[in-house]
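Q: Turn this into a structure:
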Amino acid sequence: MAIRFLRKAAAMLERHRTGCLIVSCAGLFGANLAFHIFPEQTCRTLYQAWAKGKPVEPSERLLRLFSEVLSDVTVETDKGYQAFVTFSFHPVSAGLPWLPAGCVVGIPANFGSSAKDESEISAHVIVIKGKEVDWESPEGLALKEALTLSPAAQKFAIAREIVYVKNHSPLICAAIAPVFLAGTYGSAVAMKGLLGLYSGPVQLRGLCNIVVLALGYVGYCLSYDTVSQAADYRADRNTATISTDFARGGVEFYNKILSQNQTFRTLMGKQGKKIYAPNGNLFPRHWIRFKHASYTSRRDLIINILNMPQA
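A: Modelled structure (predicted):
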């Protein structure tokens, strides 16, 4: 019964393969972009900070900081950018500015705090290996220091997220998978035609499909990672060139991230050594995937911008 159903399905796909390919590519593109089409339901739901059963509302200080950054990035405050408070220690973003839902930017509650006011950071409860981090311990003090950013570093971190979505980076990354799906399908059809496999055994056609599919997947992984890293560098470059203060803030921001990760590496023991490199970079989860540019390379990019002679 199952074999008969599969044969009928294969025959239907063969008759309508162009239409199925178009629908598959469109569906894949929409699925990849769904996180940014519905930012309120995705990003905000995932990262919203809560307190006493209610979502934490941005303080006047955070809203003022967000407004200043929008002005520095030359974005009008009423053009679809909304801020919310995130539980994470780094800003997050989702959306596309020209879509009806606009963009949302999550700002950590500790942004705006300084070395003299670390209450927002100390209010966080971090549990590692079943134990709360003691903010007065040497590791806790090091982590608190790494999480305390200057106003320039805070502005860079927020501006970078705004610039990332403003550059339509989510749209570009979402288009890679359907492009490679169509390319892989076309390559498989062309390869079987050139080798004359349509008149040969079905096993050879299946083997050809597997080889082309494997090559297509490897090509997709390499292309996606390359484009994603380029989007990271572009966002950092565009943000750092706003002003010298932003560039200096960017160097501080990435130095702080590296310090945070080094502290987490110590606190997490063996697990931390598998996730974080000694210099604070993240180890890739998969041996052929490097989805994001390393923090050290991003920092070095901004340092090079600072060292460039001013016109």
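Q: Who's the closest spatial neighbour of Phe111, skipping the chain neighbours?
A: The shortest distance from Phe111 to any non-neighbouring residue, by C-beta to C-beta, 6 or more residues apart in numbering, is to Gln154 (4.8 Å). For glycine as for every other residue, the C-beta is placed from the backbone atoms N, C-alpha and C.
Q: Which pLDDT value goes with the one you found?
A: For Gln154, the pLDDT comes out at 94.
Q: Tell me where the model's unsure across the stretch 1-150 of the chain.
A: For the stretch 1-150 of the chain, applying pLDDT under 70 flags the ranges 1-16, 76-78, 112-123.
Q: And the strands in it?
A: Here the stretch 1-150 of the chain has its strands, by DSSP state E, counting those that start in this stretch, at 50-51, 54-55, 81-86, 92-95, 103-108, 127-128, 131-132.
Q: Quick one: closest of the ones you listed to Val251.
A: Among these, strand 103-108 comes nearest to Val251, with 19.3 Å by C-beta to C-beta.
Q: Quick check: which helices or strands does the host helix or strand of the residue nearest to Phe111 pack against?
A: If you go by DSSP states H and E, Gln154 is part of helix 151-166. Counting contacts by 3 or more C-beta pairs under 8 Å, 6 or more residues apart in numbering; DSSP states H and E, helix 151-166 is packed against helix 60-72, strand 92-95, strand 103-108, helix 202-240, helix 244-267.
Q: and the fourth one, which residues are buried?
A: Going by neighbour count (16 or more other C-beta atoms under 10 Å), the buried part of helix 202-240 is 205, 208-209, 212, 216, 220-221, 224-225, 228-229, 231-232, 235-240.
Q: same question, stretch 97-116
A: Using 16+ other C-beta under 10 Å as the test for burial, stretch 97-116 gives 101-113.
Q: that older thread, mean neighbour count, the strands of the stretch 1-150 of the chain: which tops it?
A: Of all the strands of the stretch 1-150 of the chain, strand 103-108 has the most neighbours on average by mean count of other C-beta atoms under 10 Å, namely a mean of 26.
Q: Hey, what's the angle from that strand to helix 151-166? Just curious.
A: If you take axes from the mean of the first three to the mean of the last three C-alpha atoms, to 10 degrees, strand 103-108 sits at 150 degrees to helix 151-166.
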